[in-house]
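Enquirer: Predicted model, plus sequence, below.
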Amino acid sequence: MHCPFCDAEDTRVVDSRSAEGGSAIRRRRECEECGNRFTTYERRESALVVRKRNGSVQPFSAAKVLRGVSYAIADRPVPPGAVESLVRDVEILAQENGPEITSDQIGRWVLEGLRRIDRVAYLRFASVYKSFAGTREFQEELAALEEGE
Ligand SMILES: [Zn+2]
């Protein structure tokens, strides 16, 4: 752990104690170089999981969401950074709604984001989500697209 004051590499722990009701460990550290003290917290990584339609549970993966979206936006004129920003938004929503979310929820958040970015990508992604395809909302979007709106 580097010192935040002088960036020295060697800092030593002078005190460790349980914090946040036992879910974290608070450590006081002292820099061997400049003698300044600072505090670090060690926390469990939140185990955000995704329940799929078949009932299986997997760890949430932003990389997987990105891969799913990448397929939908292939060859589309999407502004740089738009997809990364969409995936970040989905990750934040997942954390807010966690620790367990469903793959359908993720699909809907992605759809909401894609709708603002690119309509064709939105429809491509929607076609993957069969629960959404066939709804009136989807049919209307499709009709509007075919009319060249
Ligand atoms: Zn230092």
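Expert: Thanks, I have it. Residues are numbered from 1 along each chain as shown.
Enquirer: What helix or strand is the one residue sitting closest to the centre of the chain located in?
Expert: Centroid-nearest residue in the chain: residue 91, 1.9 Å away (criterion: CA atoms, centre = their mean). Using DSSP states H and E, residue 91 sits within helix 82-97.
Enquirer: How about residue 116?
Expert: Per DSSP H and E: helix 103-117 holds residue 116.
Enquirer: rewinding a little: I'd like the distance between the residue nearest to the centre of the chain and residue 54.
Expert: Between residue 91 and residue 54 the computed distance is 23 Å (CB to CB, to the nearest Å). In short, each C-beta sits where N, CA and C put it, glycine included.
Enquirer: One more: residue 12?
Expert: Look at residue 12 and residue 54: by CB to CB, they are 50 Å apart.
Enquirer: more crowded one of these two?
Expert: More neighbours surround residue 12 than the other of residue 12 and residue 54, with 11 against 6 (other CB atoms under 10 Å).
Enquirer: where's that one relative to residue 29, distance?
Expert: 7 Å.
Enquirer: Then residue 106?
Expert: Counting by CB to CB, the gap from residue 106 to residue 29 is 38 Å.
Enquirer: what do you get for residue 59?
Expert: The value you get for residue 59 to residue 29, if CB to CB is used, is 31 Å.
Enquirer: If we ignore the residues flanking it in sequence, what's nearest the residue nearest to the centre of the chain?
Expert: Among residues not flanking residue 91 along the chain, residue 62 sits closest, at 5.0 Å (CB to CB, 6 or more residues apart in numbering).
Enquirer: and the one you found, what is it in contact with?
Expert: Applying CB atoms under 8 Å, 6 or more residues apart in numbering to residue 62 gives the contacts 87-88, 90-91.
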